[in-house]
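> Okay, sequence plus prediction incoming.
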Amino acid sequence: MFRILQRREGEGLGHMSKAKALYFGWEDTRGRRGYFLDRLLLRRRAGAGVKPFFWVDIAPLRVLNRSLLWLVGLVWLSGCTSWPSWNMLSRFQSPAEEEPVKKARLVGDMVVPFGLEPVRIENVGLVTGLPGTGHDPPPSPQRSALIAEMEARGVTMPNAVLASPDTAMVMVRGWLRPGIQKGDSFDVEVRVPSQGDMVSLRGGYLLETRLKEQAVLGGRILEGHSWALAKGPVLVDPTADSERDKVLLGRGRILGGGLCLKSRTLGLVLKPEHQNVANSARIAAAVNKRFYLSQKGVKTGVATAKTDQFIELAVHPRYKENIGRYLDVIRAIALREDEAQQAERMQELAKRLLDPLTARQAALELEAIGKKAVDILRKGLQAEDPEVRFYSAEALAYLDCREAAEPLAQIAQQQPAFRVYALAALGTMDDLMAYEQLCSLLHSSSAETRYGAFRALWTMNRQDPLVRGERLGPDGFSYHVLQTTGTPMVHVCTHKRAEIVLFGKEHRLRGPFFLEAGSRIVVRPNRQNPEELVISRFAVGQPDQQRIVPNQLDAMIRAIAELGGFYPDVLQALVQAKTQGALESRFEVDALPEPGRSYEPEDRHQISQTLEASDSRSASSGFLGRKWSKLFWPGTDKLN
């Protein structure tokens with residue numbers, strides 16, 4: 001590696017004539033430096049572990065004659081490694097020729113992430129408990145596979161079971177999200193394979209089904225390993241009409257009905273030019289220096305170098321709900337960086353953090369450094385730009401610094417573009433300040449801020465009495481009643497969790513109304529006392545049941561669950577109550593903040609006002625304010 005100190009314009013190493021006096025410099029593997037005249041000596045010396053680093057034409061140095069230059073060479077041959085005129089020669093180096101500060105090599109420069117694509121798993125299954133709305137499926141590879149599975153499970157006369165109008169063969173499908181662990185739940189979709197005959201899955205229950213990776217080849221179904229089990233009550237669009245929405249009635253979802261049997265692999269793949277054992281081990285060591293797991297007092301790194309091409313990653317608990325950020329931070333970890341180099345880089349990152357255009361990447365790299373970068377991130381909280389404050393606070397939250405709590409709560413309240421990320425970051429913190437800020441957001445006027453704060457609290461500590469709730473009904477759906485101020489609100493979910501949350505305790509129903517909770521339970525006002533509700537259950541071959549409860553939504557939900565109502569039944573009753581104008585409270589479905597919103601500083605006030613207005617309109621704009629069908633069978637969209 002040559003470093004040119006001085007030469008005439010247009011001259012290079014190939015223009016070294018005998019008429020010129022040329023001066024060569026060298027540096028050995030121990031860092032020792034020297035210089036000599038002869039180019040041949042330079043080449044010979046290079047074979048002994050010496051690397052040349054400059055050459056210079058010393059013809060302008062009139063103070064030196066040829067004898068003195070030969071003396072320099074002789075002194076070098078005698079082993080002298082220091083020379084008093086070294087500093088004198090360095091003055092001829094141009095300032096423009098100073099070696100630039102090298103950019104630190106990051107993990108992301110050498111690897112690409114592995115395991116970020118959702119995995120589709122599926123199988124054929126059987127839905128039972130239908131009120132005569134099933135259908136005997138025609139011969140097909142799916143029917144043959146279902147009969148074989150039923151026989152393996154000890155079902156006698158499987159063809160007779162399929163011919164019953166109370167059963168239906170369905171295709172069951174789920175998506176395993178990146179980083180999913182053994183024992184985690186996920187949503188499952190079901191649909192009738194053929195719409196030749198009208199089939200309604202409303203009121204049905206999916207029997208246990210093993211989900212696998214599958215492919216159809218030559219009329220045969222090829223199967224992989226079993227990834228998950230799926231079962232549970234089928235949730236069908238509560239607004240679907242039997243005459244106009246036949247397709248919707250043949251599709252449904254089981255919220256959290258899938259149970260993962262094994263963890264998905266998450267890792268890093270080295271780029272082809274960096275694939276070797278040394279690099280694999282070096283990257284794993286750098287990652288483990290930043291992230292580790294504590295098991296019974298023993299610290300274990302999250303990264304394991306499996307081969308010269310692949311490094312397996314364990315999921316750190318703090319990033320379990322945000323796998324994308326976890327990998328972003330890992331890729332921002334520096335390799336081969338000593339204390340001095342790290343301090344120099346942190347100074348540069350401190351400058352980049354204050355620029356909105358580079359603040360996000362700078363915050364990620366500072367978060368990758370860890371606790372040493374906290375002071376720099378704290379300075380970012382004082383910036384005038386909201387974007388800089390947000391990225392600084394977000395990184396501090398994942399480092400569990402309490403100073404991030406208040407700024408993130410303000411951002412979640414005021415900046416819709418950053419709301420989902422701010423609430424997610426608050427949910428990862430283990431600090432009383434973050435808990436108090438989330439509790440204050442439960443009283444917000446924005447529906448998605450209120451429910452987003454509830455979910456963040458639930459993520460923070462599921463056993464907290466404030467958000468723990470209780471399990472109701474045969475399927476054990478989650479039910480929560482929160483003592484909050486502001487407009488009473490009812491929130492329900494159509495993905496991930498079978499969950500009902502009441503914000504405020506006073507939710508009354510005003511008559512007249514007639515509500516159906518599934519095919520067997522009905523709700524109506526008490527004719528003798530309008531302050532009471534009558535909930536009745538009718539089933540063939542079973543005695544009728546009835547509950548008379550106060551005219552409160554809480555009492556109605558509990559009574560339906562006591563009479564054997566599943567979550568889809570309760571949800572159907574709530575949707576009908578809102579549609580018929582019986583439910584006075586605000587009604588929201590899946591009011592979680594969404595990613596992908598654009599942030600424009602000059603329009604931020606207008607954006608905030610627009611989203612708050614849309615929140616208020618959604619209470620009276622019909623179910624969801626958008627097509628229910630998009631939620632249940634979104635084509636290639638990934639659910640989780």
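Okay, I see it.
> Using the three-state scheme, assign residue 181.
Following DSSP: H, G, I helix; E, B strand; the rest coil, residue 181 is assigned to coil.
> Let me see the contact set for it.
For residue 181, the contacting residues are 260, 263, 264, 315, 320, by C-beta atoms under 8 Å, 6 or more residues apart in numbering. Glycine gets a C-beta too; all of them are placed from N, C-alpha and C.
> pLDDT below threshold where in the chain?
For the chain, the stretches flagged by pLDDT under 70 are 1-102, 195-198, 219, 221, 601-640.
> Please enumerate residues in contact with stretch 103-118?
Contacts of stretch 103-118 with the rest of the structure, by C-beta under 8 Å, 6+ apart, involve 175-179, 264-271, 274, 279, 283, 286-287, 310-311, 323-324, 327, 330-337, 341, 345, 365, 638, 640.
> same for the strand or helix carrying residue 268, what does it pack against?
Counting by DSSP states H and E, the element that carries residue 268 is strand 266-270. When contacts are defined as 3 or more C-beta pairs under 8 Å, 6 or more residues apart in numbering; DSSP states H and E, strand 266-270 sits against strand 111-114, helix 277-290, strand 310-313, helix 323-331.
> could you redo the last one with a cut-off of 7 Å?
Judged by 3 or more C-beta pairs under 7 Å, 6 or more residues apart in numbering; DSSP states H and E, the packing partners of strand 266-270 are strand 111-114, helix 277-290, strand 310-313.
> and the angle for it with helix 277-290?
Counting by axes from the mean of the first three to the mean of the last three C-alpha atoms, to 10 degrees, strand 266-270 lies at 140 degrees to helix 277-290.
> Using PDB, write down the CA coordinates of stretch 452-470.
Extracted in PDB, the C-alpha atoms of stretch 452-470 (Å, rounded to 0.1, in the frame of the first residue of the first chain):
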ATOM      1  CA  GLY A 452     -52.800   1.100  22.000                       C
ATOM      2  CA  ALA A 453     -51.900   2.100  25.500                       C
ATOM      3  CA  PHE A 454     -53.900  -0.800  26.900                       C
ATOM      4  CA  ARG A 455     -52.100  -3.300  24.600                       C
ATOM      5  CA  ALA A 456     -48.700  -1.800  25.600                       C
ATOM      6  CA  LEU A 457     -49.600  -2.200  29.300                       C
ATOM      7  CA  TRP A 458     -50.700  -5.800  28.600                       C
ATOM      8  CA  THR A 459     -47.400  -6.500  26.800                       C
ATOM      9  CA  MET A 460     -45.400  -4.900  29.700                       C
ATOM     10  CA  ASN A 461     -47.000  -7.100  32.400                       C
ATOM     11  CA  ARG A 462     -49.900  -9.500  31.500                       C
ATOM     12  CA  GLN A 463     -50.500 -10.200  35.200                       C
ATOM     13  CA  ASP A 464     -51.000  -6.600  36.200                       C
ATOM     14  CA  PRO A 465     -54.500  -6.300  37.800                       C
ATOM     15  CA  LEU A 466     -55.300  -3.300  35.700                       C
ATOM     16  CA  VAL A 467     -55.200  -5.200  32.400                       C
ATOM     17  CA  ARG A 468     -55.200  -8.900  33.500                       C
ATOM     18  CA  GLY A 469     -59.000  -9.200  33.000                       C
ATOM     19  CA  GLU A 470     -60.700 -12.600  33.100                       C
END
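> Okay, strands next: where are they in the stretch 451-600 of the chain?
Using DSSP state E, counting those that start in this stretch, the strands of the stretch 451-600 of the chain run over residues 470-472, 477-482, 489-492, 499-503, 515-517, 521-525, 532-537, 545-550, 586-589.
> nearest to residue 355, of these?
Nearest to residue 355, of all the strands of the stretch 451-600 of the chain, is strand 586-589, at 38.2 Å by C-beta to C-beta.
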